[in-house]
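Novice: Dropping the sequence and predicted coords here.
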Amino acid sequence: MDWTALRMVKEADSQQRTAAPLSEVTPSIRDFTQFVTTQKQELSLIPALKRTDPDTGQAWPELDVVTLAQACDDTEVGAIGVYTEPSLFGTSSDDMRAISERVTTPLLALDLVLHDSQIHHARLCGADAVLLWAGAVDAPTLARLMTTARSVHVVPVVMARTPDELRQALATESFIIGLASPDGTLDTAHVSALAAHVPRQKTVISLDELSTPEEAEALLGEVDAAIVSQCVLEATDVEGSLTALMK
């Protein structure tokens, strides 16, 4: 994912979004942390749903993301990710809301949070975890966003792409750290190098999309969970596709 492009979109969006009525925001009851944490003994997979891939130009305009999410829910996935910026991914918070009503697996809103109102909106639409980028906001803002997320039992996943960002992420004392490569394409060596500096007791998620068994093998023992996408979006047998990936 091009995180810089997403940041530009979200900066414009956060200025226009109105705050959700707090009386309507109910706390999450699905434990995202428990589902994705493996103590590095296994690799938990997080299928990420979208209708458009801005990096490759591929599109699945007729994709029934609710039915696909239910198929993922029937497997042993750690969580389900939903891209919620429609201008880039063709899926939205409305899709996440519809998915949330039909699955028991925790949902990760794959979007970039820059403002408290985005957290409340994501939770209204069923998110159990949100993504914060240590390099996108200053330390006081990051701390405030984490407090807001935790106030509604939404898990903040703090993302880092560089050693400097990782230091900022670790300074927040977040339990879950998300790691990504600077160019938005999975670099297992880069992710593993960053992961080596994360305290072992923390949960680590690889946020760049995993696509081959070789990549899965390289990340096994280094991180707790990893994002997968295309192998699920194009699968006729979701469980079989995920099993093949882990082989």
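Specialist: Structure received. Just so it is clear, the structure is predicted and the values come from calculations on it, not from any experiment.
Novice: Tell me where the protein has helices.
Specialist: Per DSSP state H, the chain carries helices over the ranges 3-16, 32-36, 65-73, 86-89, 93-100, 116-124, 139-151, 163-171, 188-195, 213-219, 230-233, 238-246.
Novice: what pLDDT, on average, does the strand ranked longest in the chain get?
Specialist: Scanning the chain for the strand with the most residues, using DSSP state E, yields strand 203-210. Mean per-residue pLDDT for strand 203-210: 97.
Novice: For the protein, which residues score under the pLDDT cut-off?
Specialist: 1-23 (pLDDT under 70).
Novice: one more time with 90, if that's ok
Specialist: Within the chain, the segments meeting pLDDT under 90 span 1-25, 55-56, 76, 183-184, 230, 246-247.
Novice: hang on, the earlier thing: as JSON lines, the helices of the chain with distance to T26 and mean neighbour count would be great.
Specialist: Every C-beta, even on glycine, is put in place using the N, C-alpha and C of the backbone. Formatted as JSON lines, the helices of the chain follow (distance: least, C-beta to C-beta, whole Å; neighbours: other C-beta atoms under 10 Å):
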{"stretch": "helix 3-16", "distance to T26": "22", "mean neighbour count": "14"}
{"stretch": "helix 32-36", "distance to T26": "16", "mean neighbour count": "20"}
{"stretch": "helix 65-73", "distance to T26": "20", "mean neighbour count": "19"}
{"stretch": "helix 86-89", "distance to T26": "24", "mean neighbour count": "18"}
{"stretch": "helix 93-100", "distance to T26": "12", "mean neighbour count": "21"}
{"stretch": "helix 116-124", "distance to T26": "8", "mean neighbour count": "22"}
{"stretch": "helix 139-151", "distance to T26": "12", "mean neighbour count": "16"}
{"stretch": "helix 163-171", "distance to T26": "28", "mean neighbour count": "17"}
{"stretch": "helix 188-195", "distance to T26": "34", "mean neighbour count": "19"}
{"stretch": "helix 213-219", "distance to T26": "34", "mean neighbour count": "17"}
{"stretch": "helix 230-233", "distance to T26": "29", "mean neighbour count": "19"}
{"stretch": "helix 238-246", "distance to T26": "29", "mean neighbour count": "16"}
